[in-house]
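In: this one's sequence-less:
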Ligand SMILES: Cc1cc2nc3c(=O)[nH]c(=O)nc-3n(C[C@H](O)[C@H](O)[C@H](O)COP(=O)(O)OP(=O)(O)OC[C@H]3O[C@@H](n4cnc5c(N)ncnc54)[C@H](O)[C@@H]3O)c2cc1C
């Protein structure tokens with residue numbers, strides 16, 4: 001187990017500087033254009049693939065970094081460049097982690113490479129859990145997976161929504177109900193391989209922010225996938241369902257929710273994205289406040305402005321510390337006894353929203369225009385308090401963890 005440290009080692013510093021260079025030279029200059037186009041920035045993803053940033057290899061190295069700092073450092077730098085483009089680059093990771101967490105070695109080896117493609121033929125992947133009537137309330141999911149034993153195939157029917165890369169992905173990971181009696185314990189995840197008949201893209205959403213990232217509905221109409229596409233395999237699923245049924249029969253006993261633990265471990269990564277956006281807006285505001293003169297002096301000469309910047313920086317640093325702590329805990333298998341993963345996502349996402357709004361205020365009229373990037377950053381920041389669990393859901397998880405009670 002690695003000791004918790006706030007000091008990046010030499011190798012990590014080198015990687016951070018390399019990522020920062022890519023964010024500054026490739027991502028940031030392209031940000032305004034792809035935000036306006038509201039399209040997936042394929043050329044930028046391709047560029048990231050060419051240099052090795054968009055690759056299974058790179059993410060695996062960061063994901064398994066025992067210090068826990070690899071993923072937060074990567075997210076912070078890429079999202080510092082631009083949130084929409086960065087999400088297009090890292091969105092595949094959400095589906096890849098779904099396979100890593102639940103798949104067999106064979107499934108990991110078969111499907112994750114197909115999610116990324118290669119530098120000459122870049123692909124993306126999508127993770128499809130949310131539905132029109134099942135957002136925060138995952139247990140009310142309706143997409144059904146039924147086993148056709150004669151053919152050893154699963155048949156999937158339903159509508160997924162808000163899927164990042166949904167419909168344009170080479171590989172879709174779909175969560176579906178296999179036993180409706182068991183609520184969220186009766187869910188399982190499936191791979192839908194490239195070009196599977198019955199899977200189609202529904203509505204593509206026009207969004208407030210992160211507009212370079214593709215978000216769409218995914219329709220599943222009698223989608224047939226081989227038995228081998230059930231993540232973890234049938235035997236493991238049957239054992240898990242039997243345990244859940246047994247516990248449900250006994251009643252009262254609270255079943256440890258594996259999905260909850262996975263969320264706690266993945267939420268710091270979203271927190272780190274928020275830190276990246278917040279830091280970007282803070283830097284623009286600091287620079288502007290030092291150079292913009294009114295009443296014959298830089299506006300930062302006013303305590304009203306300087307104190308705002310002091311608060312912004314303090315909150316960003318505090319957010320990063322919470323993110324790094326939770327990420328270290330996740331990698332080292334520490335129990336989240338106070339929902340530290342949710343804490344880090346809650347604080348960092350609320351900080352990003354606040355800091356980007358303050359940045360607009362500090363830039364005055366310029367901050368409100370698309371001539372300056374803080375307007376875009378503020379629109380982008382609003383997503384962090386919504387996806388991967390809203391701020392209200394984070395508070396619910398923290399409160400329940402602290403109290404041990406089913407707070408509603
Ligand atoms: C751009 C974008 C990308 C996304 N990408 C993906 C993806 O790749 N894959 C995927 O599966 N999903 C994705 N999502 C879905 C996202 O995770 C959901 O939007 C989120 O979980 C919230 O669900 P909802 O939108 O249905 O809101 P709802 O659950 O309907 O919530 C509405 C409001 O009620 C509040 N609320 C709900 N329940 C409670 C409660 N018990 N206590 C207090 N307040 C409550 C919420 O906090 C919120 O403010 C994405 C969403 C967006 C916008």
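Out: Received it, and whenever you're ready, just let me know what you need. None of the values given here were measured: they were computed from a predicted structure.
In: which single residue of the stretch 101-250 of the chain ends up nearest the ligand?
Out: Of all residues in the stretch 101-250 of the chain, residue 135 sits closest to the ligand, at 1.7 Å by C-beta to the nearest ligand atom. Any C-beta I mention is one placed from the backbone N, CA and C, and that applies to glycine too.
In: for that residue, list the residues it contacts.
Out: Residues near residue 135 by C-beta atoms under 8 Å, 6 or more residues apart in numbering: residue 162.
In: then residue 339?
Out: Contacts of residue 339 (C-beta under 8 Å, 6+ apart): 264, 394, 397-398, 400-402.
In: one more time with 6 Å, if that's ok
Out: Contact partners of residue 339, counting by C-beta atoms under 6 Å, 6 or more residues apart in numbering, are 397-398, 401.
In: just these: which are in helices?
Out: The members of the contacts of residue 339 that map onto helices under DSSP state H are 397-398, 401.
In: before we move on, the earlier item: please tell me how far the residue of the stretch 101-250 of the chain closest to the ligand sits from residue 151.
Out: 33 Å (C-beta to C-beta, to the nearest Å).
In: before we move on, back to that, mind putting the contacts of residue 339 into TSV with distance to the ligand and pLDDT?
Out: Listed next are the contacts of residue 339 as TSV, based on distance: C-beta to the nearest ligand atom, whole Å; pLDDT from 0 to 100:
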residue	distance to the ligand	pLDDT
397	10	95
398	12	96
401	15	95
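In: could I get the phi/psi values of residue 202?
Out: Residue 202 adopts backbone torsions of phi -90, psi -140, taken as degrees, to the nearest 10.
In: chain neighbours aside, what residue packs nearest to it?
Out: residue 217 (3.0 Å; C-beta to C-beta, 6 or more residues apart in numbering).
In: quick check, pLDDT for that neighbour.
Out: Residue 217 carries a pLDDT value of 98.
In: show me the contact partners of the host helix or strand of it.
Out: Assigned by DSSP states H and E, residue 217 belongs to strand 215-226. The contact list for strand 215-226 (C-beta under 6 Å, 6+ apart) reads 128, 153-164, 166-167, 190, 192, 196, 198-205.
In: among these, which ones are buried?
Out: The neighbour-count test (16 or more other C-beta atoms under 10 Å) applied to the contacts of strand 215-226 identifies 128, 153-164, 166-167, 190, 192, 196, 199, 201-202, 205 as buried.
In: and the ligand, which of those reach it?
Out: Applying C-beta under 6 Å from any ligand atom, the subset of these adjacent to the ligand comprises 128, 162-164.
In: so which of those sit within strands?
Out: Counting by DSSP state E, these place 128, 162-164 in strands.
In: so which of these is the closest to residue 239?
Out: Checking these against residue 239 by C-beta to C-beta gives residue 128 as the nearest, at 25.0 Å.
In: against residue 339, how distant is the closest one?
Out: 25 Å.
In: got it, and residue 35?
Out: 33 Å.
In: ok, now residue 291?
Out: 42 Å.
In: try residue 393
Out: For residue 393, the distance to residue 339 - C-beta to C-beta - is 11 Å.
In: and the residue lying closest to residue 399 once chain neighbours are set aside, its phi and psi?
Out: Nearest residue to residue 399, sequence neighbours excluded (C-beta to C-beta, 6+ apart): residue 407, at 4.9 Å. With angles defined as degrees, to the nearest 10, residue 407 sits at phi -60, psi 140.
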